[in-house]
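Asks: Return atomic coordinates for the entry below.
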Amino acid sequence: MQSPNRLTKTIVPTHAPRFSLQRSQVRWTLVLGDLLWVNVAALAALWLGVQRSTWWLAVGSWDSFSAWFVFLSALWFLCASVMDLYDLRVAGSPRRVIGSTLSVVLGTLAVYLVIYFFAVPQSLPRHLIVFFALIAAFLLSVWRGLFALALGSGPLARRVAVVGGGESAHALMQALREHASAYYDVVAVFDSTRVSEIPTRNESGFDEVIVAQEDLAEEWLAQLVAWREQGVQIVNMAAVYEELTGRVPVEHVGKNWSVLLPLEQDATRGLNGFLKRALDVVLASSALLVAAPFLPLIALAIRLDGRGKTVLRQTRVGLNGRVFYLYKFRTMIPNAEPPGVALWADEDDPRVTRTGKFLRRFKLDEVPQFWNVLRGEMSLVGPRPERPEIVDNLQREIPFYRLRHVVRPGMTGWAAIRFRYGRSVTDALVKLQYDLYYIKHQSVLLDGLILAKTLGAILTPPHDA
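Replies: Down below sits the predicted model:
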């Protein structure tokens with residue numbers, strides 16, 4: 001990459017940019033390619049199964065397996081999404097993408113076998129799934145490896161220029177390096193505060209210009225229009241940053257408040273809001289019914305591990321800033337906090353009891369919060385609710401912090417699966433960025449992905465185990 005100080009008056013495309021895939025096109029190419037090879041593997045597995053068995057005669061014809069193809073495709077897409085197989089950090093790294101692809105194959109196999117155990121007899125083939133897993137592991141690993149080679153510094157790499165300066169440009173460059181270094185080839189960085197930086201000749205032929213500054217001089221605006229007329233894509237820093245990181249760059253939006261909230265529709269209302277609330281009630285009720293026989297055992301273990309209350313009732317800030325009581329099993333020693341003082345929690349907090357560590361590991365301490373969900377004070381998915389004392393402090397320190405209260409708080413959320421425990425104001429800012437991303441993009445599908453990733457984190461051992 002050239003030094004930004006040497007990029008004055010060097011680049012203006014005078015011809016159409018070469019072919020390269022945009023970020024959304026990369027994702028759709030990966031999704032469609034995956035589904036193609038998944039179905040090829042399913043067809044090959046079915047053919048091999050017919051060669052060694054007459055089981056298929058019991059169901060009549062090959063047409064009877066049409067639902068099997070749809071089922072495997074949906075199952076693959078779900079597992080691939082949970083394993084971040086469509087993330088540019090994974091998709092552009094051959095070694096990492098092959099390992100993740102094999103993990104998705106194993107995950108698909110495991111989920112299929114669990115479903116097969118509960119399915120109606122003869123409704124799903126058994127031995128064919130083994131053939132499918134072996135064939136899919138080979139085909140999809142080859143497909144994903146070749147695509148990663150083409151994407152990373154290859155013919156599909158995206159050549160970009162950055163226009164802007166200051167902290168916004170620095171944050172953008174860091175996001176490009178950390179989340180899409182194999183996809184983006186940054187060929188130019190222009191200081192938009194200097195009109196003399198406007199280039200006059202084409203030498204690099206970039207495909208995209210990312211604008212990292214809100215207020216631009218008229219000369220720079222004219223140059224952006226000229227680039228756009230020549231086929232170069234012009235995008236805003238906030239949009240790129242948000243798509244790459246899953247966070248809204250709240251500290252870099254300036255006066256552009258529309259970046260923070262969706263303008264088209266309010267996802268908390270209408271059909272999406274109705275479905276979200278219906279799923280909350282159904283799933284929370286089911287979870288409480290399943291957990292009911294084990295609640296006395298959990299309460300007994302907490303009492304045997306130390307004196308104190310079994311279930312705690314703590315104040316939290318919820319929807320529209322209203323305070324409510326959150327219920328949870330006690331996991332800390334009695335008097336873990338001085339009266340009237342709210343302390344930051346730590347993932348490895350020394351105040352946590354032995355039973356509390358077990359409950360926290362499997363999220364069992366949060367089972368009483370299903371009652372909060374049924375009462376309408378919380379949702380299954382949303383920003384994690386904070387104590388009023390902490391909220392008061394963070395509202396003074398972080399701009400737009402109150403925006404996280406425009407939706408119901410959740411038992412789990414986008415920030416919860418993407419970031420560690422909050423230990424400081426800096427961590428709270430990062431969590432707010434994730435929360436605002438969820439608020440802008442919330443949907444039943446996103447909620448399903450978050451719940452699936454949360455369940456996966458509970459069932460799999462910690463990385464340091």
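Asks: Run through the stretch 101-250 of the chain and note the low-pLDDT ranges.
Replies: 122-123, 153-155, 200-204 (pLDDT under 70).
Asks: Provide a complete list of residue ranges assigned to strands in it.
Replies: Using DSSP state E, counting those that start in this stretch, the strands found in the stretch 101-250 of the chain span residues 158-163, 184-190, 208-211, 233-236.
Asks: strands paired with the first one, and their directions?
Replies: In the sheet containing strand 158-163, the strands it pairs with under DSSP bridges are strand 184-190 (parallel), strand 208-211 (parallel).
Asks: what would the strands of the stretch 101-250 of the chain look like in TSV with distance to residue 118 and mean neighbour count?
Replies: Bear in mind the C-beta positions are built from the backbone N, C-alpha and C, glycine included. Shown next, in TSV, are the strands of the stretch 101-250 of the chain (distance: least, C-beta to C-beta, whole Å; neighbours: other C-beta atoms under 10 Å):
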stretch	distance to residue 118	mean neighbour count
strand 158-163	45	23
strand 184-190	45	22
strand 208-211	48	22
strand 233-236	46	15
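Asks: Reformat those strands as TSV; add distance to residue 47.
Replies: Output for those, formatted as TSV (distance: least, C-beta to C-beta, whole Å):
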stretch	distance to residue 47
strand 158-163	39
strand 184-190	42
strand 208-211	44
strand 233-236	44
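Asks: residues contacting the closest residue to residue 35 other than its chain neighbours?
Replies: For residue 35, ignoring the flanking residues on the chain, the nearest one in space by C-beta to C-beta, 6 or more residues apart in numbering is residue 73 at 5.2 Å. Residue 73 sits next to 35, 38-39 when contact means C-beta atoms under 8 Å, 6 or more residues apart in numbering.
Asks: do residue 419 as well
Replies: 427, 430-431, 434.
Asks: contact partners of stretch 426-442?
Replies: 242, 245-251, 260-262, 267-268, 272, 276, 381-384, 394, 397-398, 400-401, 403-404, 406-407, 413-415, 418-422, 446, 450.
Asks: hey, where'd the helices end up in the stretch 251-400 of the chain?
Replies: Secondary structure of the stretch 251-400 of the chain (DSSP state H, counting those that start in this stretch): helices at 270-291, 295-304, 354-361, 369-374, 388-397.
Asks: which one of those lies closest to residue 186?
Replies: helix 388-397 (32.4 Å; C-beta to C-beta).
Asks: what distance separates whichever helix or strand comes after that closest one from the middle of the whole chain?
Replies: Scanning forward in sequence from helix 388-397 by DSSP states H and E, the next helix or strand is strand 410-412. Its chain's average C-alpha position is 15 Å from that of strand 410-412, according to C-alpha atoms, centre = their mean, to the nearest Å.
Asks: And for stretch 20-33?
Replies: In terms of C-alpha atoms, centre = their mean, the gap separating the centre of stretch 20-33 from the centre of its chain is 17 Å.
Asks: residues making contact with that stretch?
Replies: Outside stretch 20-33, the residues that touch it by C-beta under 8 Å, 6+ apart are 77, 85-86, 88, 91, 143-144, 147, 151, 156-159, 183, 207-208, 233, 240, 243-244.
Asks: hmm, back to that, identify whichever of the strands of the stretch 101-250 of the chain lies nearest to residue 318.
Replies: The closest of the strands of the stretch 101-250 of the chain to residue 318 is strand 233-236. By C-beta to C-beta, the value is 32.3 Å.
Asks: what helices or strands is that closest one leaning on?
Replies: For strand 233-236, the packing partners by 3 or more C-beta pairs under 8 Å, 6 or more residues apart in numbering; DSSP states H and E come out as strand 208-211, helix 218-229.
Asks: Taking strand 184-190 as reference, get the angle to the last one.
Replies: For helix 218-229 and strand 184-190, the angle between their directions (axes from the mean of the first three to the mean of the last three C-alpha atoms, to 10 degrees) works out to 150 degrees.
Asks: Contacts made by helix 218-229 with the rest, please.
Replies: The contact list for helix 218-229 (C-beta under 8 Å, 6+ apart) reads 12-13, 163, 192, 195, 198-199, 209, 211, 216, 234.
Asks: of these, closest to residue 173?
Replies: Residue 173 has its nearest neighbour among those in residue 163, at 12.3 Å by C-beta to C-beta.
Asks: Can you verify my assumption that residue 128 contacts residue 47?
Replies: No. Contact criterion C-beta atoms under 8 Å: residue 128 and residue 47 do not qualify, at 9.7 Å.
Asks: Those two: which has the busier surroundings?
Replies: Between residue 128 and residue 47, counting by other C-beta atoms under 10 Å, residue 128 is the more crowded of the two (22 against 12).
Asks: sorry, back to before: out of the helices and strands packed on strand 233-236, which is closest to residue 303?
Replies: strand 208-211 (57.4 Å).
Asks: List the contacts of that closest one.
Replies: Residues from elsewhere that reach strand 208-211 (C-beta under 8 Å, 6+ apart): 22, 158-164, 172, 192, 224, 227, 232-237, 240.
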